[in-house]
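Novice: After the sequence you'll find the predicted model.
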Amino acid sequence: MSMEDYDFLFKIVLIGNAGVGKTCLVRRFTQGLFPPGQGATIGVDFMIKTVEINGEKVKLQIWDTAGQERFRSITQSYYRSANALILTYDITCEESFRCLPEWLREIEQYASNKVITVLVGNKIDLADKREVSQQRAAEFSEAQDMYYLETSAKESDNVEKLFLDLACRLISEARQNTLVNNVSSPLPGEGKSISYLTCCNFN
Amino acid sequence: MADNLPSEFDVVVIGTGLPESIIAAACARSGQSVLHVDSKNYYGGNWASFSFSGLLSWIKENQQKTDVSDEWDDWRKLILENEEAISLNKKEKTIQHIEDFCFGDQDSAEGVEEAGALPKLPVFGAAGAEGFAQESEEARAAVESTVPESTEPEKATGTEPASAREGSDAEITSEDTSSHSAALGESAGELGQTEAAVPEASAQEPKKITYSQIVREGRRFNIDLVSKLLFSRGLLIDLLIKSNVSRYAEFKNVTQILAFREGKVEQVPCSRADVFNSRQLAMVEKRMLMKFLTFCLDYEQHPEEYQDYENSTFAEFLRTQKLTPSLQHFILHSIAMVSETDCSTLEGLQATKKFLQCLGRYGNTPFLFPLYGQGEIPQCFCRLCAVFGGIYCLRHPVQCLVVDKESGRCKAIVDHFGQRISAKYFIVEDSYLSESVCTNVHYRQISRAVLITDQSVLNTGSEQQVSILTVPPVDLGKPAVCVIELCSSTMTCMKGTYLVHLTCPSTKTAREDLEPVVQKLFNVNTEKDAENEELEKPRVLWAVYFNMRDSSGIDRNSYDRLPSNVYVCSGPDSALGNDCAVKQAETIFQEMFPTEEFCPPAPNPEDIIYDEDEIAPEESGFSNSPETKPEASTEEMSSGGSAAVEKADNEE
């Protein structure tokens, strides 16, 4: 991965129960698609979309759970170094809403305490099957200090808004943190040209 | 969430330690359908890392000697007449002699819980850490009631950036490391060269950390059960790079190599720059050391230099070289890291060369350490497996392996729900095998200690050092003790503390093996009765000792009645690097699938082009053929979505 033309890069991680539409949200946003009966995204680690906000290029790296949420077996390392978390439930599924506290506990445990969390109620196109009222969700999100939004990946309602608003908040967060220099740690494989000989030169 | 598992896979992997996880990833990557289970509620088995409270529960659990009785026997009904069952362990017995000690004022910590439980206390350095951990019950209540009471603890959830910013600057600094280095680092030109540039708030008076602070900040700790480092040219780094798994983890350089000589901790100069900048070495010593290290780098070219000593020990060989005693000590114990009594000249030269070759790839020591601990690494391979369709179930004990009497091959497992799951290959971690299978197996043991201390063993300019120190044995013939000291920017301990890991192959109990070293390096007295001299040493705030089974290097024939399609993975070995686990994983994978490539690079998500996405769902049929292709595993599965992989695979 070489130097690219963007001003910011953020890692956004999706969590929430299986079947709430996490993958659909990502695919709607990154590809503009809502694949009916969409299958697993095998071999796809994360999706990328670069957006422009106030003239600045923001690259969003959006990570999906790879199905590990199905049996409650998400790796802790999934949460590490995320800049934002999108906690998703299905407005037509009470159970997916009831599980939110458990997800929040995982966030508390493993994510950075500076992570921005957004609560998303998906599937508003299925309004007649709604089980979770907007008021309950709004109250819950307020109590947890989360930004809250309802979306429809199918109708593309609020999907752009979700990611773009998030990008804006991430930018302003990042700006406030630029006082502190980033400490990069070396990543293996990231094209380091310091070969042994040039660095230490025992020969 | 109670989903049913499919009942057929290509490969079932039991245990989520490093070798099992690598195998699972390699299998899924090559298109096998994989079920990966662990009986515990955490990843990694004996390779796991824990928060402080997590470690305390782990200790408690391992101190309870109670056996889980087989209260449920119905699974036997699932075994057919021409089959037999090999039952697996319900409770593992790989950890012994656990003793933990608190040197702080434990009473003051009475009733203190991990951050979140007491949100009103002025939490040390981290307003943002307050919140949710223990509050799920209340929060759940809040979810369920239509008008949730916004109680204080819930308001204090750490996700609100404004409240996080109220913490001390230093705290925020260290958090930034975690949240931005992966993301932004990609574009940063200086990636990898910047080391611990965290501005230190060193002007402040050193704070005394109390036990209750450790408890409260427990989540800042990621305490590894095994203590290992990655050799920067070791097999694990190569595999991480080759497979692209490296993108799931972040690493930090070990910043200094230390030696313990004549009762003192000193820095070992090992790179050329170190040698020349060293203040402890005289000019003549610098030349000697450089000359010798340069020779080691291509010793094969100069057999005349060492062939007379091929039957001697490396220590004896070093004595014949023009090296002062301190240089001999550095080379033997801190660079080659070999035994004084039973390492041959050639082995010593090899080890020295390996060390030198690893220098400079990522920094001026040969080692990397994963942020958040070694326990992240198995999980990273599990993520790769899941990305390629592997199905993950923690908290999923397995009752037995089902063996076909006629062929002697394993056909299936029966899990604790009584579901029978068939597969072609089975990978089982050693600790899952019951005693009846392991009667003839002789295990070695590893002695481990983990300490939380308040200072580094060597005070240098920077608080943020990651150090490795080899303490030679007092009695010749005993193993040296490897000490790894981690600072808070490794994300394994709270600010103001150090996490110290001690490891050696066991000769006795862990405490007997390691306590003498702890007493030499640290002050284990409570403040009041410590001598002056003791006060200069780092104070131990908390410690645990335990012995862990070393199941590495066991011949598969020592296991009794093992079906040919069941492969055993060992737990962690006592070596510093991870080569043993990687080798084992690759060997097992190649035995199963001799023609498949081992962990080829996963496609880069940025290179995947989704132009085939419009294909009608009927066309793909991807998930209809679990025999040959990884089964779809995420939500809303039925069909479609395969274009991405196929496209990506074509592009490699």
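Specialist: Cool, got the structure. Residues are numbered from 1 along each chain as shown, chains lettered A, B, ... in the order given.

Novice: Please, where are all the strands along chain A?
Specialist: Counting by DSSP state E, residue ranges of the strands within chain A are A:8-15, A:46-53, A:56-63, A:84-90, A:116-122, A:147-150.

Novice: Save these as JSON lines, and put in distance to residue B:216 and mean pLDDT too.
Specialist: Yep, even glycine has a C-beta here, placed from its N, CA and C like the rest. JSON lines is the format used below for the strands of chain A (distance: least, CB to CB, whole Å; pLDDT from 0 to 100):
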{"stretch": "strand A:8-15", "distance to residue B:216": "26", "mean pLDDT": "94"}
{"stretch": "strand A:46-53", "distance to residue B:216": "34", "mean pLDDT": "92"}
{"stretch": "strand A:56-63", "distance to residue B:216": "30", "mean pLDDT": "93"}
{"stretch": "strand A:84-90", "distance to residue B:216": "24", "mean pLDDT": "97"}
{"stretch": "strand A:116-122", "distance to residue B:216": "22", "mean pLDDT": "96"}
{"stretch": "strand A:147-150", "distance to residue B:216": "28", "mean pLDDT": "95"}
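
Novice: Serialize those to CSV and add fields for distance to residue B:299.
Specialist: Written out in CSV, the entries for these read as follows (distance: least, CB to CB, whole Å):
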stretch, distance to residue B:299
strand A:8-15, 45
strand A:46-53, 45
strand A:56-63, 46
strand A:84-90, 52
strand A:116-122, 55
strand A:147-150, 62
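
Novice: any chance of these in JSON lines, with mean neighbour count too?
Specialist: Conversion of the strands of chain A to JSON lines gives the following (neighbours: other CB atoms under 10 Å in any protein chain shown):
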{"stretch": "strand A:8-15", "mean neighbour count": "24"}
{"stretch": "strand A:46-53", "mean neighbour count": "17"}
{"stretch": "strand A:56-63", "mean neighbour count": "20"}
{"stretch": "strand A:84-90", "mean neighbour count": "26"}
{"stretch": "strand A:116-122", "mean neighbour count": "26"}
{"stretch": "strand A:147-150", "mean neighbour count": "19"}
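
Novice: Can you add distance to chain B and give the ones you listed back as a markdown table?
Specialist: Formatted as a markdown table, these follow (distance: least, CB to the nearest CB, whole Å):
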| stretch | distance to chain B |
| --- | --- |
| strand A:8-15 | 5 |
| strand A:46-53 | 5 |
| strand A:56-63 | 7 |
| strand A:84-90 | 8 |
| strand A:116-122 | 4 |
| strand A:147-150 | 9 |
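
Novice: out of those strands, nearest to residue B:372?
Specialist: Proximity to residue B:372, assessed across the strands of chain A by CB to CB, is greatest for strand A:8-15 (14.9 Å).

Novice: Show me what the closest one is packed up against.
Specialist: helix A:22-31, strand A:56-63, strand A:84-90, helix A:100-110, helix A:159-177, helix B:169-185 (3 or more CB pairs under 8 Å, 6 or more residues apart in numbering or on different chains; DSSP states H and E).

Novice: tell me the secondary structure for residue B:259?
Specialist: Following DSSP: H, G, I helix; E, B strand; the rest coil, residue B:259 is assigned to strand.

Novice: pLDDT score for the closest residue to it other than its chain neighbours?
Specialist: Counting by CB to CB, 6 or more residues apart in numbering or on different chains, residue B:259 lies nearest to residue B:334, which is 4.5 Å off, once chain neighbours are set aside. Listed pLDDT for residue B:334 reads 94.

Novice: wait, residue B:334 sits on residue B:254?
Specialist: No: Residue B:334 is beyond contact range of residue B:254, at 12.0 Å (criterion: CB atoms under 8 Å).

Novice: how about residue A:75, what does it touch?
Specialist: With contacts taken as CB atoms under 8 Å, 6 or more residues apart in numbering or on different chains, residue A:75 has the following neighbours: A:68, B:43, B:379-380, B:382-383.

Novice: top of the residues you listed by neighbour count?
Specialist: Neighbour tally across the contacts of residue A:75 (other CB atoms under 10 Å in any protein chain shown): the maximum, 33 neighbours, falls on residue B:382.

Novice: Is it correct that residue B:339 is in contact with residue B:480?
Specialist: Yes: taking CB under 8 Å as the contact criterion, residue B:339 and residue B:480 are neighbours in contact, 6.9 Å apart.

Novice: So which residues of the stretch 351-500 of chain B form helices?
Specialist: For the stretch 351-500 of chain B, the helices defined by DSSP state H, counting those that start in this stretch occupy B:376-387, B:435-438.

Novice: which stretch in those helices has the least confidence?
Specialist: Lowest mean pLDDT within the helices of the stretch 351-500 of chain B: helix B:435-438, a mean of 90.

Novice: tell me which element residue B:306 falls in.
Specialist: Taking DSSP states H and E as the definition, residue B:306 sits inside helix B:303-306.

Novice: after that helix comes which helix or strand?
Specialist: helix B:314-320.

Novice: who's in contact with that following helix?
Specialist: Contacts to helix B:314-320, defined as CB under 8 Å, 6+ apart, come from residues B:306, B:309, B:328, B:331-332, B:336, B:338, B:340-341, B:343-345, B:347-349.

Novice: Would you mind listing which of those are buried?
Specialist: A residue is treated as buried here by neighbour count (16 or more other CB atoms under 10 Å in any protein chain shown); on that basis the buried members of the contacts of helix B:314-320 are B:306, B:309, B:328, B:331-332, B:336, B:338, B:340, B:343-345, B:348-349.

Novice: Just name the lowest-scoring one in these, pLDDT-wise.
Specialist: Across the set of those, residue B:340 stands lowest in pLDDT, at 90.

Novice: Check the residue lying closest to it once chain neighbours are set aside and give its pLDDT.
Specialist: The spatially closest residue to residue B:340, leaving aside those adjacent along the chain, is residue B:315, at 4.6 Å (CB to CB, 6+ apart). Residue B:315 carries a pLDDT score of 95 in this model.

Novice: center of chain B, which residue is that?
Specialist: The structure's chain B has its C-alpha centroid closest to residue B:374; by CA atoms, centre = their mean the separation is 2.3 Å.

Novice: Quick one: residues contacting it.
Specialist: Taking CB under 8 Å, 6+ apart as the contact definition, residue B:374 lies against B:47, B:49, B:224, B:226-228.

Novice: What count of nearby residues applies to residue B:355?
Specialist: Each residue near residue B:355 was counted by other CB under 10 Å, and the total is 23.

Novice: closest one to residue A:72 among the strands of chain A?
Specialist: Between residue A:72 and the strands of chain A, the shortest separation by CB to CB is 11.2 Å, and it involves strand A:8-15.

Novice: what's the offset of that closest one from the middle of its chain?
Specialist: Here strand A:8-15 shows a centroid-to-chain-centroid distance of 4 Å under the convention CA atoms, centre = their mean, to the nearest Å.

Novice: What angle do strand A:56-63 and that strand make with each other?
Specialist: Strand A:8-15 and strand A:56-63 are oriented at 30 degrees to each other (axes from the mean of the first three to the mean of the last three CA atoms, to 10 degrees).

Novice: so which residue of the stretch 251-400 of chain B comes closest to chain A?
Specialist: Closest residue of the stretch 251-400 of chain B to chain A, CB to the nearest CB: residue B:360 (3.3 Å).

Novice: can you pull the pLDDT of that residue?
Specialist: Residue-level confidence at residue B:360 comes out at 78, pLDDT.

Novice: can you check the one 10 residues further on too?
Specialist: At residue B:370, the model reports a pLDDT of 94.

Novice: most tightly surrounded among the helices of the stretch 351-500 of chain B?
Specialist: Comparing the helices of the stretch 351-500 of chain B by mean neighbour count (mean count of other CB atoms under 10 Å in any protein chain shown), helix B:376-387 ranks first with a mean of 29.
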